[in-house]
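Q: Quick one: sequence plus predicted model below, questions after.
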Amino acid sequence: KSRDTNVLAFCEDKVMKILANKDALYNADGSSNVTASNAVLGDASGLTGDYGISVNPESLAWDGYRMYFADKQRGKVFRLSQDGLTPISDVGMRNYFRNNLKYTKDLIGSFDEVKGEYNLTITYPEVFDRDGIAIDLEDNNNTTISFNEKTKGWTSFKSFIPEVGLSIN
């Protein structure tokens with residue numbers, strides 16, 4: 001995903017910031033100076049923390065400068081903003097996400113521009129008995145949960161389960 005004049009690469013275990021159409025020259029003290037370059041991609045540097053998007057790129061959604069994604073392997077949901085990575089799953093829902101994300105099939109992210117909410121749809125794989133009949137697992141019901149920026153918290157469980165989401169302005 002491009003942001004400003006850089007590219008963000010969401011890998012399984014890391015989020016990388018890659019300079020685009022420029023490169024960094026490093027001084028002896030470790031500080032960098034940015035210079036124009038004819039290389040398409042320049043230096044890559046990882047953001048703080050060992051968090052990534054796991055194998056669920058469909059969980060990525062954004063609104064302006066803020067980006068949201070889920071890290072299934074670590075049981076967390078993140079917001080990436082100007083202040084860096086913030087584990088928004090820790091806002092009152094730490095145990096819920098830690099216990100539920102590891103068993104999921106798909107994590108679909110979307111952003112509701114009208115309500116200012118990141119919607120994360122969690123779906124679970126179907127389990128079948130020996131006769132091929134689907135078993136309803138009571139604890140693993142597909143759900144959509146919303147994080148609201150104004151209240152800085154998880155505000156609701158939704159009644160819909162989208163297959164995909166997008167915003168058209």
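A: Noted; the coordinates are in hand. What you see is a predicted model; the values in this text were computed from it and never measured. Numbering: from 1, shown residues only.
Q: which non-adjacent residue is nearest Val15?
A: Once flanking residues are discounted, Val15 sits nearest to Leu47: 4.6 Å by Cβ to Cβ, 6 or more residues apart in numbering. C-beta here means a position set from N, CA and C on the backbone, and glycine is covered the same way.
Q: beta partners for Val7?
A: Here Val7 sits in beta bridges with Ser2, Ile18, as judged by DSSP bridges.
Q: Give me the pLDDT for it.
A: If you check Val7, the pLDDT there is 79.
Q: Can you find the helix or strand of this structure with the lowest average pLDDT?
A: Sorting the helices and strands of the chain by mean pLDDT, DSSP states H and E puts strand 32-46 at the bottom, at a mean of 60.
Q: all helices for the protein, in order.
A: 94-100 (DSSP state H).
Q: quick one: the strands in it?
A: Assigned by DSSP state E, the chain shows strands spanning 2-3, 6-10, 15-26, 32-46, 61-63, 66-71, 76-81, 84-87, 106-112, 117-123, 127-128, 134-135, 143-148, 153-158.
Q: What is the neighbour count of Leu60?
A: 19 (other Cβ atoms under 10 Å).
Q: what do you get for Ala20?
A: By other Cβ under 10 Å, the residues close to Ala20 number 16.
Q: and the residue sitting nearest the centre point of the chain, what is it in contact with?
A: With distances taken as Cα atoms, centre = their mean, Phe69 lies nearest the centre of the chain, 0.7 Å away. Taking Cβ atoms under 8 Å, 6 or more residues apart in numbering, we find Phe69 in contact with Phe10, Ile53, Asn56, Ser59, Leu60, Ala61, Val77, Phe78, Leu80, Gly109.
Q: Good, we can wrap up now.
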